[in-house]
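Asker: next input, structure requested:
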Amino acid sequence: MPNSRKIAVVMAAGKGTRMKSDLPKVLFPVLGRPMIEFVLDALFAGGVDEAVVVVGYRADDVRRTLEHRDRIRFVHQEEQLGTGHAVMVCEEALAGHDGAVLVVAGDSPMMQSESIAALLAEYDRRHAACIFGTAHKDNPAGLGRVLRDENGDFTAIIEEKDATEAQRRVTEVNMSYYVFHSPDLFDALSRIRPDNAQGEYYVTDCPGVMKSSGKEVRALDVLKSVESLSVNTVEQLAAVEAAMQVAGDAQGLAGGE
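Answerer: Numbering: from 1, shown residues only. Predicted coordinates:
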């Protein structure tokens with residue numbers, strides 16, 4: 001595959017146990033459309049050439065829902081062992097690709113095509129091992145903080161539960177929009193470990209692994225605060241729908257084609 005080709009990995013294997021339904025989380029309707037449709041619209045409008053959708057729970061339902069779309073491949077994640085593991089299972093599908101891999105969650109219906117375009121443009125300029133999007137939030141509770149040195153360069157992502165009191169006052173947060181150089185990504189994934197309470201592999205660990213090995217990692221403050229609206233509960237789903245209604249045309253907000 002040409003180096004200029006942009007491929008997205010969309011994590012869509014989860015059940016969404018807090019949604020009080022057995023429907024796959026990414027298929028929950030937002031203003032009448034499965035939320036993953038908004039994600040795919042934003043990705044393709046933002047410059048992605050192809051999407052690899054990682055399916056697991058009720059995989060056939062997700063496949064059928066998206067069968068009308070072009071430029072999509074599916075990879076099955078038999079066990080859900082974390083976000084890092086979701087990307088690991090895509091290694092064969094991305095074999096030979098020496099360009100950008102954008103890693104995002106399929107339950108981010110507020111994703112903006114402009115943000116995707118900005119991250120991919122920065123990758124084209126820098127060809128860094130990792131470029132990830134950040135945003136500033138007045139109330140960053142629950143989100144990973146982005147730490148920088150005196151020169152403003154990225155040093156680490158620290159989860160709130162591990163942060164000091166001073167670090168918790170940082171308002172710049174990680175939003176889990178990553179662009180990786182594919183070979184660097186799978187090298188880092190081979191070195192992360194499930195050393196956490198959940199016993200899972202986290203893609204969040206990859207930027208730190210890359211940084212510690214001397215590779216360039218850039219945190220780019222280009223995301224809009226509205227993109228931090230996530231959907232983990234029925235209440236959050238209602239909040240996202242309300243935000244979309246306020247903004248007007250939902251498909252246009254998501255960067256629809």
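
Asker: what's across from the residue nearest in space to the middle of the chain in the sheet?
Answerer: The geometric centre of the chain, computed from its C-alpha atoms, lies nearest to V104 (CA atoms, centre = their mean), at 2.0 Å. When bridges are called by DSSP bridges, V104 pairs up with V10.

Asker: for it, which residues are in contact?
Answerer: Neighbouring residues of V104 by CB atoms under 8 Å, 6 or more residues apart in numbering: 8-11, 39, 43, 111, 176-178. From N, CA and C alone the C-beta is placed, and that goes for glycine too.

Asker: where's it relative to G46, distance?
Answerer: V104 sits 10 Å away from G46, taking CB to CB, to the nearest Å as the criterion.

Asker: low-confidence stretches in the chain?
Answerer: For the chain, applying pLDDT under 70 flags the ranges 1-2, 248-257.

Asker: helices along that one, start to end?
Answerer: With DSSP state H as the criterion, the chain has helices at 35-45, 59-66, 83-88, 113-126, 165-168, 182-189, 205-212, 234-247, 250-253.

Asker: tell me how far the third one is from the chain's mean position?
Answerer: It stands for helix 83-88. 11 Å (CA atoms, centre = their mean, to the nearest Å).

Asker: what's in contact with that helix?
Answerer: 9, 11, 13, 54, 77, 79-80, 103, 105, 176, 185-186, 189, 192, 200-206.

Asker: now a PyMOL select for only the buried ones of these.
Answerer: Buried residues within those, by 16 or more other CB atoms under 10 Å, are selected in PyMOL with:
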select buried, resi 9+11+13+54+77+80+103+105+176+185+186+189+192+201+202+203+204+205+206
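
Asker: now render the helices of the chain as JSON lines, adding distance to T155.
Answerer: Formatted as JSON lines, those follow (distance: least, CB to CB, whole Å):
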{"stretch": "helix 35-45", "distance to T155": "29"}
{"stretch": "helix 59-66", "distance to T155": "37"}
{"stretch": "helix 83-88", "distance to T155": "20"}
{"stretch": "helix 113-126", "distance to T155": "17"}
{"stretch": "helix 165-168", "distance to T155": "11"}
{"stretch": "helix 182-189", "distance to T155": "16"}
{"stretch": "helix 205-212", "distance to T155": "7"}
{"stretch": "helix 234-247", "distance to T155": "30"}
{"stretch": "helix 250-253", "distance to T155": "33"}
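
Asker: all strands in the stretch 51-200 of the chain, in order from the N-terminus.
Answerer: With DSSP state E, counting those that start in this stretch as the criterion, the stretch 51-200 of the chain has strands at 72-76, 100-105, 130-136, 145-148, 154-158, 172-181.

Asker: for those strands, which one sits closest to F28?
Answerer: F28 sits nearest to strand 100-105 of all these, at 13.1 Å, using CB to CB.

Asker: between strand 172-181 and that closest one, find me the angle.
Answerer: Relative orientation of strand 100-105 and strand 172-181, computed by axes from the mean of the first three to the mean of the last three CA atoms, to 10 degrees: 140 degrees.

Asker: I'd like the distance from stretch 166-176 to the chain centre, please.
Answerer: The answer for stretch 166-176 is 17 Å, by CA atoms, centre = their mean.

Asker: who touches it?
Answerer: Stretch 166-176 is contacted by residues 83, 103-105, 108, 132-138, 140, 143-148, 157-158, 160, 163, 203-204, 219, 221, 223, 227-228 when judged by CB under 8 Å, 6+ apart.

Asker: same deal with stretch 192-209?
Answerer: 81-88, 103, 130, 132, 144, 154, 156-157, 159, 174, 176, 178, 180, 185, 188-189, 191, 217.
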